[in-house]
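Enquirer: how would this look folded up:
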Amino acid sequence: MHPNDLRTDAERRLWKAFPDGDRVDIGTADPTAEGFDPDEYDPDQRVRAEVISALLLRGRGGDGGGVTRLSLRGARITGRLDLNGGEIAAEIIFRRCWFDEPIDVENAHVRRLSVSACRIPGLDANRIRTDGPLGLTSCRIGEVRLAGAHVGGNLDLGGTVILAPQDRPALSAAGMVVDLNMFCENGFTTSGEVKLAGARVHGQISFNGATIRNPGGGAVSGQRIAVDQDMFFRDGFTAEGGIRLQGAQIAGTADFTGAELSNPGKRAVTCEGAPSL
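Expert: Purely as a prediction, here's the structure:
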């Protein structure tokens with residue numbers, strides 16, 4: 001892509017800022033607000049996903065004095081952001097952005113990915129590798145896929161609302177590895193199952209204050225999960241559906257203090273074969 005191909009003021013600002021890692025702040029809209037209309041974005045507040053992928057996958061050299069980073073706030077991103085399989089040296093930061101289509105970072109290698117207060121139809125991140133943290137905080141999003149992912153820091157989903165399609169899991173993270181902690185708290189809410197079977201978390205997992213709704217099915221499926229510290233379901237944690245921890249290896253404790261669990265006609269917590277529970 002050439003600078004002459006850029007169509008909006010937002011695209012030109014992002015193109016200019018990227019080599020030195022400067023933040024580009026396009027607007028103050030809150031796309032997570034109930035009833036928000038993306039047509040409120042002016043044409044010059046829009047960025048085509050192909051412009052972002054061109055910068056991240058092909059890059060533009062700077063003067064060597066800045067941090068390699070793409071930081072974008074307050075924009076509407078049109079088209080599908082496809083970074084599948086990419087080797088991405090830059091940090092990726094999105095704040096208060098509206099995405100018309102899901103983000104695809106499957107099989108990608110990313111330094112750091114941070115998405116906050118954004119509205120996204122879904123995140124396809126199976127087998128992603130990050131050198132640092134992966135944050136998806138205070139977002140409203142469709143299905144999130146992290147199966148086989150390797151997160152090189154904390155995985156933070158705090159405050160995010162995942163509204164999965166009917167009969168689909170909200171978070172699919174079977175076989176995922178997290179080098180530090182996993183946080184699903186501060187209002188984390190799902191309308192579907194959280195699948196963590198066979199995952200490995202080298203720190204703690206916290207669902208404190210979270211709400212997970214999957215009536216008649218699994219709320220949290222953590223069969224054979226390995227957690228090197230504690231697993232918390234406290235402080236008003238609410239689950240509609242079963243908590244399945246068969247064969248789990250939790251080095252600390254699984255703490256349900258103050259939790260509200262509902263799974264009519266079935267066991268609320270199943271933990272056969274979990275020696276630490």
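
Enquirer: Next, find the distance separating residue 109 from residue 139.
Expert: Counting by CB to CB, to the nearest Å, the gap from residue 109 to residue 139 is 22 Å. For the C-beta atoms, the positions are set from N, CA and C on the backbone; glycine is no exception.

Enquirer: Which one's more surrounded, the two?
Expert: For residue 109 and residue 139, the more surrounded residue by other CB atoms under 10 Å is residue 139, and the numbers stand at 24 against 17.

Enquirer: isn't the more buried one right next to residue 114, touching?
Expert: No. Counting by CB atoms under 8 Å, residue 139 stays clear of residue 114, with 10.9 Å between them.

Enquirer: Looking at strand pairing, list the partners for residue 81.
Expert: Beta bridges link residue 81 to residue 103, judged by DSSP bridges.

Enquirer: how near is it to residue 118?
Expert: In this view, residue 81 and residue 118 are 11 Å apart by CB to CB.

Enquirer: and for the two, which residues touch both?
Expert: Common neighbours of residue 81 and residue 118 (criterion: CB atoms under 8 Å, 6 or more residues apart in numbering): residue 99.

Enquirer: Low-confidence ranges, this structure, go.
Expert: Applying pLDDT under 70 to the chain flags residues 59-67, 274-277.

Enquirer: in it, which spans are helices?
Expert: Taking DSSP state H, the helices of the chain run over residues 9-17, 49-58.

Enquirer: how about a markdown table for those helices, with mean neighbour count added?
Expert: A markdown table is the format used below for these (neighbours: other CB atoms under 10 Å):
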| stretch | mean neighbour count |
| --- | --- |
| helix 9-17 | 19 |
| helix 49-58 | 18 |
